[in-house]
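Q: Quick one: sequence and predicted model below, then my questions.
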Amino acid sequence: MPSLASPRVVNIEDLRQLARRRLPRVVFDYLDGGAEGEVTLRENRRAFDAVTFRPRHAVSVPGVDLRTTVLGRELAVPVLLAPVGYSRVMHVAGESAAARAAGAAGTGYVLSTMSGHALEDVKAASAGPVWYQLYLLGGRPAAEAAIERARVAGYAALVVTIDTAVAGLRERDVRNGTAQLLGGTLRARLPFLPQLLSHPRWLASFLLGGGVPPLPNVVLPGQGPMPLVDVVTALARAAVTWEDLRWLRDAWHGPVVVKGVLTGDDARRAVDAGAAAVVVSNHGGRQLDGVPASLRALPDVVKAVGDRVEVLMDGGIRRGSDIVKALCLGARAVLVGRAYAYGLAAAGEAGVTRALEILRADMGRTLQLLGCPAIAKLERSFVDAPG
């Protein structure tokens, strides 16, 4: 395992470089890449760079309070770990390791439908709140079975992603043959043998961990868990509509969070459909390329919903100062995906823990330099935001 001690790992980019070295290119590009020309992927980062701070100087802030409350649950930091599909391919401990690290840090974890670990095991691994992110893979019968399992296991919320009518064209994955590696036959995987053999530690862990198992949380009636190779086809048949959201609101008796909102109109529709919170998100630039950066869409959504529901945001977050900017523009908290997944890929649970430590330290330092004593005191006057 690579050393995660400072000064070797100072920021999230350091974890990204460790992940790049540990993973075969086909796996790293799956984690790192976006859709088509990756315009939105880049814009997510540029949007944060364009926002500048307006600090209050000559203010004594000996300590800061990073706590917030999301859906009635207090979090030690305003950061939840976003759903990242196929995490088990990045590290065999996958979703369970990430959930454990989140709980230890006093925050929440969101489990993807496309997980390599059973939802019961992931929930048991965490001392914090765990949400289940639902795709309608396998249709309503499979979704209803997963919802019931999540309820029995004690999941705190159901997250419904609305921006995946079809899978985005992730050109790096097409060129790398990711589908063949993850779900193809042995013969289809042979072209990848040289790059896999050049990463022997990852390969040994991958093989000893069982490779790519069927999806344990998508159980097709009469057939068993869905093979990974079927996901792209199944996703095209599983587009979520507003009518589906009303059905899900009846099927799940806890909070429903709608993820993938980029306009005030869709935010209002989500509220009308019974959402308790919305996530301003462009899927990390992995779906429709050319949509706005999540940070730029955030104020419109906040204005549209007012205080009717909580607004979260994800996309492009790499530093604690990014999180502070999002909170100043109206987010209750943020979800981070790649920022912790790089750590997971680099060093498993220890890497996720280090990612959260970095973000926590960044936020504390940023608040002190802003002259702001608490997350709850952040507001728009602390930033200048173009547009």
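A: Received the coordinates, thanks. Numbering: from 1, shown residues only.
Q: so who does the residue nearest the centre of the chain touch?
A: With distances taken as C-alpha atoms, centre = their mean, residue 82 lies nearest the centre of the chain, 2.2 Å away. Each residue near residue 82 by C-beta atoms under 8 Å, 6 or more residues apart in numbering is listed here: 110, 314, 335, 336, 337. For the C-beta atoms, the positions are set from N, CA and C on the backbone; glycine is no exception.
Q: Okay, it and residue 235: tell me how far apart.
A: Separation of residue 82 from residue 235 (C-beta to C-beta, to the nearest Å) stands at 18 Å.
Q: if we can go back for a sec, of the contacts of residue 82, just say which sits nearest to residue 44.
A: residue 314 (9.1 Å; C-beta to C-beta).
Q: which phi and psi does residue 26 have?
A: phi -60, psi -40 (degrees, to the nearest 10).
Q: Count the residues that sit near it.
A: Here the count is done by other C-beta atoms under 10 Å, and residue 26 has 20 residues near it.
Q: please renumber so the chain begins at 476
A: With the count now opening at 476, the last piece we talked about shows up as residue 501.
Q: surely it meets residue 653?
A: Yes - counting by C-beta atoms under 8 Å, residue 653 is a contact partner of residue 501 at 5.6 Å.
Q: from the contacts of residue 557, which is closest to residue 562?
A: residue 812 (10.1 Å).
Q: what's near enough to touch that closest one?
A: Contacts for residue 812 (C-beta under 8 Å, 6+ apart) come out as 556, 557, 558, 559, 759, 789.
Q: Could you name the specific helix or strand carrying the third one?
A: So that's residue 558. Using DSSP states H and E, residue 558 sits in no helix or strand.
Q: what's the distance between the residue nearest to the centre of the chain and residue 756?
A: Remark: distance between residue 557 and residue 756 (C-beta to C-beta) = 8 Å.
Q: Are there residues contacting both of the two? Which ones?
A: 789, 810.
Q: From residue 564, how far out is the closest residue in space to residue 728 that isn't next to it in sequence?
A: Spatial nearest neighbour of residue 728, excluding adjacent residues (C-beta to C-beta, 6 or more residues apart in numbering): residue 626 at 7.5 Å. Distance, residue 626 to residue 564, by C-beta to C-beta: 28 Å.
Q: what do you get for residue 642?
A: For residue 642, the distance to residue 564 (C-beta to C-beta) stands at 16 Å.
Q: So between those two, which is more surrounded?
A: In this view residue 642 and residue 564 are compared by other C-beta under 10 Å, and residue 564 has more residues nearby, 25 against 15.
Q: so what's the backbone phi/psi at the more buried one?
A: Main-chain dihedrals, residue 564, degrees, to the nearest 10: phi -70, psi -30.
Q: Now the element after the lengthiest helix in the chain, going C-ward?
A: Determined from DSSP state H, the single longest helix within the chain is helix 824-845. With elements assigned by DSSP H and E, the helix or strand that comes after helix 824-845 is strand 858-859.
Q: Run through the neighbouring helices and strands of that following strand.
A: strand 527-528 (3 or more C-beta pairs under 8 Å, 6 or more residues apart in numbering; DSSP states H and E).
Q: Can you tell me what sits against the strand it packs on?
A: By C-beta under 8 Å, 6+ apart, the list of residues contacting strand 527-528 from outside reads 796, 800, 841, 845, 857, 858, 859.
Q: could the residues you listed go into TSV alongside distance to residue 718, neighbour count and pLDDT?
A: Output for the contacts of strand 527-528, formatted as TSV (distance: C-beta to C-beta, whole Å; neighbours: other C-beta atoms under 10 Å; pLDDT from 0 to 100):
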residue	distance to residue 718	neighbour count	pLDDT
796	41	20	98
800	36	27	98
841	43	22	97
845	44	23	97
857	41	21	98
858	39	18	98
859	42	11	96
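Q: ok, of the residues you listed, which one's closest to residue 649?
A: residue 800 (33.6 Å).
Q: So the closest one is in contact with residue 770, correct?
A: Yes - using C-beta under 8 Å, residue 800 is in contact with residue 770, at 7.1 Å.
Q: circling back: list the buried residues of the longest helix of the chain.
A: Within helix 824-845, the residues that count as buried by 16 or more other C-beta atoms under 10 Å are 824-835, 837-839, 841-845.
Q: Point out the other helices and strands that it packs with.
A: Partner elements for helix 824-845 (3+ C-beta pairs under 8 Å, 6+ apart): helix 487-497, strand 554-556, helix 569-579, helix 795-803, helix 813-822.
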